[in-house]
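[1] Turn this into a structure:
(chains A, B and C)
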Amino acid sequence: MKTINKLYTALILIFMYAPIAVLILFSFNESNSTSVFSGFSLKWYIELFNDGETLKALYNTLILAVLSSVIATILGTAAAVGIDYMKKGPLRSIIMTITNIPMMNADIVTGVSLMLLFVFIATIFGISGILGFGTLLIAHVTFNLPYVILSVLPKLKQLDPHLTEAAQDLGCTPFQAFLKVVIPNILSGVLTGMIMAFTLSLDDFVISYFASGPEFQTLPLRIFSMTKRRVTPDMYALSTLIFVAILILLLLNNLTKKDESGVKGAKK
Amino acid sequence: MKRLISILTLIFMSASLITATAEPWDSPSYKAQLTGEYINVYNWGEYIADGSEGTLDLNAEFTRRTGIKVNYTNYASNEDMYAKLKSGGATYDVIIPSDYMVQRLINENMLEKINFDNITNFHYIDDRYKNLAFDPTNEFSVPYTVGMVGLIYNSEMVSEAPDSWTAMWDEQYSGDILMFNNPRDAFAISQFVLGLSLNTHTPDDWALAYDKLLEQKPLIQSYVMDEIFNKMENNEAILAPYYAGDFLSMKDNNDALEFVYPKEGTNYFVDAMCIPKGTQNKTAAEMYINFMLEPDIALENAEYIYYASPHVEVINNPDYSLYQNPVIYPDAETLANTQIFEDLPTETMQVMTNYWDELKIDGYDYTTYYVCFGAAIIGVIALTIYRNHKKHKYDYD
Amino acid sequence: MKKSSSLWARLCAAPYIVWMIIFIAAPLLMVAYYAFTDAAGNFTLKNIVALDGYAGIFIRSIWYGIITTIISLIIAFPFAYAISQKSTKYQSTMIMLLMVPMWMNFLIRTYSWMNILSDNGIINTALKAIGFAPIEMINTPGAVILGMVYNFMPYMVLPIYSVISKMDRNIIEAAQDLGCNKLKVITRVVLPMSVPGIVSGITMVFVPSVSTFYISQKLGGGKYDLIGDTIERQFQTSYNYNLGASISLVLMILLLVCMAFMNTFTSDDEEGGIVI
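    Coordinates of the predicted model:
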C-alpha cells in the first residue's frame, strides 16, 4: 500500500512537472525557437535582464497578486463567517448564488461587464482614463473572492458550534472566542483560499485585459500580446527563474517549519 | 507563505532597479524641458526594438533624448486594441493599428488629426506609402511598418514548390496544412482563390468564400496564429500562410522552409502610428512619432521587427541586413498583385463572423456527444434514486 | 449571548455584501441587459433565438467539462487522501509542489504541452527511438481534456485535502476497530465525510473547464470551438456584445442548474441553492 501511495504521488508530480521540465530545457536554447533545440546557451537569461518592460510587468504582476489575494482573503473569510452564521433561507441562498457567479461566468464576460461598469462609473463622475491599477485590483479581488469563500466555508461547517459556545461560557467575549477557537480551526482553509487566490491572480489574462489601463501591464498581458508574433524563450527563462526561486523558498520554508511542527507535536 | 512572497518581491524589485538605471544623454535635436511628462503608447506585442538581442531599447532612448517617460503596453490584435479604445476607459497617446482599423477609427471619429508640422521626418516616408486608401489625405496616420502575407512551405516535404494558394486545397497535403486562426486573414485566402475582392460587401461572395473554407477544413491540421512558428520549425506541417517578416525568423531555425507569393495575389498591410482622441499630450505623441522616423531609430527598429520599412533611408541603406531582401521587399510585379484590407460595414462583419462561427462548428458528428450526454444524465438520475433509496434504508442518519 | 455573537458574526459579511452588489450583481445585470437588447438598445429576443446554432458547441463544452471533472476527481481524491496520511510537513510540501506549476504562465505551460504531445514532440520522438509507432496526440479531444485536467485538477485536490486533513482521526480508528478494512474505511467513512470538499472541488473544476478558451485552440488545433472560444470571439472580433452576452447568460444558467442539481444529491442538510 505504501509503495502504491508513493508511486501514485510520484506519477502525479511527473504529470504536473513534465511541462515545467520542457520549459526549463528550452529556456537554455541557443536559437529563438521553442520547439527545435539547437544548442545550450544562457543567452535568454541575459536577454531577460535587458528587457526592462518584462521585468516591470513581472513586478506589477507580483504586487497585484499579493494585494488582491490578501484583500480577498480578509473580505472572503469575514464573509464566510457571516454566511455560516446566517440562517438557512432565501437571503443566504441569494448570497451564495451570487457568490458563485464570477466562477460560472466565462472570464471574458466578467471582464467585459466589469469594464462596462467601470466606464459607466467614470462617466457618472466625469473621470477620464479610469482603467488602471485600481480597477485591475478590484477586478482581481472580485474573481478571487468566491474561491476564498468556497475554501473557508467547508471548514466552518466542520467546526463544532458548541466549541464557540463553550469558549464563551468559559468567559471569552465573542471576538476572543472567534480569535481563539474559530480562526485556528479554519486557518488551513483560509490559507488554501489565499494560495488559490494568489495563483489565480498571478495567471489571469482575460479579466485583466479588460480591467487594465495604459500604466499597468501584467506579465500575462505581455505574454499574450506576443501571440501574433513569437513567444520568445526569454519568457521561458523568466518562468524558470521564478520556478527556481519558489523551489528554494519552499525548501527554506520547510527547514524553518521543522521547529513549529515540533512544538505542535509537543502540545499534543 | 507571506515571507515567501515578500522575498520574491524584493528579489525582483531590486532586479528591476538595476536595469532601470541609465546614463543621462542629451541630443541636440530635442530639449530636456519635457522631463516628467509621459505618454501612453499602445503597440502590438514584440513590435519594437526593446533592447533584446543587442538592439537599442527605443522607448528608453526616447526618454533619454526628450525626458518624456513612455508607458508602454501591448495588444495581440487590432480587434483587442479597438475594444480597449472603444470602451473609453483608458486614454492613449500613440497607437499602431493596421490599415482597415485606421479607417474604422477615422470613420468613427476616434482619431486626432496629426499636426504634420511637428513630424519633420515625414519626408523620409516613401511616397508609395503616403495617402493610402485608408487615410486618403494622410491626416491621421504615419506608416510604421508594411508587409505582405505569403505561403510558407517546407521544401523537403512538398512534391513540387507551390506557386498558388490552391496548394492549400491539395489533398496530398491533407493533415499537413495550417491555416490562419482569424477570420479576416483566412477568408482573404479563400477570396484570392475564388478571385473575389477582399473587401466585398456582397453576402453571396462571403458565402462562396465560406464554402471554399469549409471544403478545405478536412485537410487542415490546425488553425493557428503564433503556434505556426513551432510547427513549421519542427517539420510538423508542410504548408502555412503567414507574414513575410515572420517567415525570415522561422527560416533561421529551419533552413528547409521556403516562401512564395502566390500568383493569385496576396494581402498587403500597413501598420500606422496614430493619435487617438482623448490624448493627454498630443505634442509629446507627435514627438514620439517623429522620433520613430529618425533614420537611425527606424533602422534599428526595422532590423528588430523584420517587417518591411516604409522609410527611404532604411530601404536604401546597403548596411541594412534585409537590404533588397526579395521576401521583404518583393519586385514591383508582386507588389502590384496585392489588395489591402478596408474597413467592412457592421453588417458585412456580422456576415463574416457568423460564417466563421459556422466553420468552427460544422463538419462534426455530434451523435456521440448526444449519446454520451444522454447516458450521463441517465446515470446521474439513477444515482440519485439509488441514494434516496439507500437513505430510506438507513434512516438513522 | 448567542444572539449578540450571531449578530456580530453576521455583520462580518456586510463589507462583502456591499462589494458583491457593486462588483458582481451590477455587472451581471449588464450581461442580462445586453442579452436582451440589440445594438441600438431596444428589447429583442433575437440573441436568444440565435443560440439555436450553438447547441452543438454547448453540448461539447459541457461534455468535455464533465469528463475533465470526473478524471480530475479520480486523480485528485486518492492523491489528497494519500498525502493527508503523512506528516504535516510532508503535507504542506506536497500541496505547495502541486500548486507551484500553476504559478508559471498558463500560455507557456500550454506551449510546453504542445511540445510534449506534438507529432515530432518529446513523447513521439521517444517512441520512435525505441521502435514504436508514433501516436497522434495533438489536435485531438484527448489533448484538450488533458490540458484542462492539467490546469484545473489542483483546484480539486485543495478543497478535498482541506476537508480530509481536518477529519477526526478517532472516527477512522473507530471504524478500524469495528472491523473495517482500509478500503472500507475509505469508501464508508472518508469518502462520505469529504463530500463538502468534493462538491467544492467539482465546482472549481467543472465551471472553469466548461467556459475555458485557449486550451482548445492550442491543443485541439482550433478546428472545433468550445463555448469559451465562441464567447471570446463575439466580444473581441465581431463586437457582437449582445450575442456574446446571451451565450454567456445561457451558459451561466446551465451551470447554475447543474450545480443546483448536484447539490440536491450531495448535501442532505442544505437548501436547494448553490451552497457549497
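
[2] okay, CA-based contacts and neighbour counts for the rest of this
    OK.

[3] Could you break chain B into its assigned domains?
    In the domain annotation for chain B, the residue ranges read B:23-145+B:271-328, B:147-268+B:348-361 (automatic domain parsing).

[4] does chain A sit close to the first one?
    Yes: judged by Cα under 8 Å from any Cα of the partner chain, domain B:23-145+B:271-328 and chain A are in contact via B:40-42, B:44-46, B:50-53, B:71-77, B:84, B:87-92.

[5] Quick one: the domains of chain B as JSON lines, columns for mean neighbour count too.
    Shown next, in JSON lines, are those (neighbours: other Cα atoms under 10 Å in any protein chain shown):
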{"stretch": "domain B:23-145+B:271-328", "mean neighbour count": "19"}
{"stretch": "domain B:147-268+B:348-361", "mean neighbour count": "20"}
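
[6] Tabulate those domains in CSV, adding columns for mean pLDDT and distance to residue A:254.
    Conversion of these to CSV gives the following (pLDDT from 0 to 100; distance: least, Cα to Cα, whole Å):
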stretch, mean pLDDT, distance to residue A:254
domain B:23-145+B:271-328, 89, 37
domain B:147-268+B:348-361, 93, 39
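
[7] Next to chain B, which bits of the stretch 101-250 of chain A? Give me the list.
    Contacts of the stretch 101-250 of chain A with chain B, taken as Cα under 8 Å from any Cα, map to A:115-116, A:118-119, A:122, A:128-132, A:210, A:213-217, A:221-231, A:245-246, A:249-250.

[8] For PyMOL, write the select line for the buried members of those residues.
    Applying 16 or more other Cα atoms under 10 Å in any protein chain shown to these leaves a buried subset, and the PyMOL line that selects it is:
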select buried, chain A and resi 115+116+118+119+122+129+130+131+132+210+213+214+215+216+217+221+222+223+224+225+226+227+228+229+230+231+246+249+250
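
[9] Any idea which residue is closest to the centre of chain B?
    Nearest to the geometric centre of chain B sits residue B:77, at 5.1 Å (Cα atoms, centre = their mean).

[10] Contact partners for that one?
    Applying Cα atoms under 8 Å, 6 or more residues apart in numbering or on different chains to residue B:77 gives the contacts A:225, A:228, B:44.

[11] for residue B:156, same thing?
    Each residue near residue B:156 by Cα under 8 Å, 6+ apart is listed here: residue B:256.

[12] Does it fall in a helix, a strand, or a coil region?
    Using DSSP: H, G, I helix; E, B strand; the rest coil, the secondary structure recorded for residue B:156 is coil.

[13] any idea how far residue B:179 is from it?
    Taking Cα to Cα, to the nearest Å as the measure, residue B:156 falls 20 Å from residue B:179.

[14] Helix or strand: which one has the nearest residue to residue B:169 once chain neighbours are set aside?
    Nearest non-adjacent residue to residue B:169, counting by Cα to Cα, 6 or more residues apart in numbering or on different chains: residue B:216, 5.7 Å away. In this structure, residue B:216 is located in helix B:203-216 according to DSSP states H and E.

[15] and the next element down the chain from that helix?
    Once the chain leaves helix B:203-216, the next helix or strand it forms, by DSSP H and E, is strand B:220-224.

[16] centre of the chain versus the helix or strand following that next one, how much separation?
    Scanning forward in sequence from strand B:220-224, with DSSP H and E defining helices and strands, the next element found is helix B:227-233. For helix B:227-233, the distance from its own C-alpha centre to the chain's C-alpha centre is 16 Å (Cα atoms, centre = their mean, to the nearest Å).

[17] elements contacting helix B:227-233?
    Counting contacts by 3 or more Cα pairs under 8 Å, 6 or more residues apart in numbering or on different chains; DSSP states H and E, helix B:227-233 is packed against helix B:244-251.

[18] helices or strands up against the helix or strand following the helix it packs on?
    Past helix B:244-251, further along toward the C-terminus, the next helix or strand under DSSP H and E is strand B:257-260. With contacts taken as 3+ Cα pairs under 8 Å, 6+ apart, strand B:257-260 sits against strand B:141-154, helix B:244-251.

[19] of all those, which lies closest to chain C?
    Proximity to chain C (Cα to the nearest Cα) singles out strand B:141-154 among those, at 14.8 Å.

[20] wait, does the helix or strand where residue A:46 lies make contact with chain B?
    Using DSSP H and E, residue A:46 sits within helix A:43-50. Yes: if you take Cα under 8 Å from any Cα as the test, helix A:43-50 does meet chain B, through A:47, A:48, A:49, A:50.

[21] tally of neighbours for residue B:347?
    10 (other Cα atoms under 10 Å in any protein chain shown).

[22] pretty sure residue B:83 contacts residue C:236?
    Yes: with the criterion set as Cα atoms under 8 Å, residue B:83 and residue C:236 qualify as a contacting pair; they are 6.7 Å apart.

[23] and chain C, which of the residues of the stretch 101-250 of chain A next to chain B reach it?
    Okay, of these touching chain C (Cα under 8 Å from any Cα), that's A:116, A:223, A:224, A:246, A:250.

[24] ok, the most centrally placed residue in chain C - contacts?
    Centroid-nearest residue in chain C, with Cα atoms, centre = their mean: residue C:205, separated by 1.5 Å. Listed by Cα under 8 Å, 6+ apart, the contact set of residue C:205 reads C:65, C:68, C:69, C:72, C:152, C:153, C:155, C:156.

[25] TSV please, covering the residues you listed and showing secondary structure and distance to chain A.
    Putting these into TSV (DSSP: H, G, I helix; E, B strand; the rest coil; distance: Cα to the nearest Cα, whole Å) gives the following:
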residue	secondary structure	distance to chain A
C:65	helix	12
C:68	helix	15
C:69	helix	15
C:72	helix	11
C:152	helix	11
C:153	coil	10
C:155	helix	8
C:156	helix	11
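
[26] Hmm, residue B:134 and residue B:102 touching each other?
    Yes: the pair residue B:102 / residue B:134 is scored as a contact, 6.7 Å apart, by Cα under 8 Å.

[27] So which residues make contact with the helix holding residue B:216?
    B:168-169, B:187, B:190-191, B:194, B:196, B:200, B:348, B:351-352, B:355-356, B:359.

[28] and residue 104, how many residues sit next to it?
    Just so you know, I chose chain A. Neighbour tally, residue A:104, other Cα under 10 Å: 27.

[29] The chain in question should be chain C.
    The number of residues packed around residue C:104, counting by other Cα under 10 Å, is 22.

[30] which non-adjacent residue is nearest residue B:351?
    residue B:203 (6.8 Å).

[31] Give me the phi and psi for the nearest residue to residue B:69 once chain neighbours are set aside.
    By the measure of Cα to Cα, 6+ apart, the closest residue to residue B:69 outside its immediate chain neighbours is residue B:38, 4.4 Å from it. Its backbone dihedrals place residue B:38 at phi -140, psi 160, with angles given as degrees, to the nearest 10.
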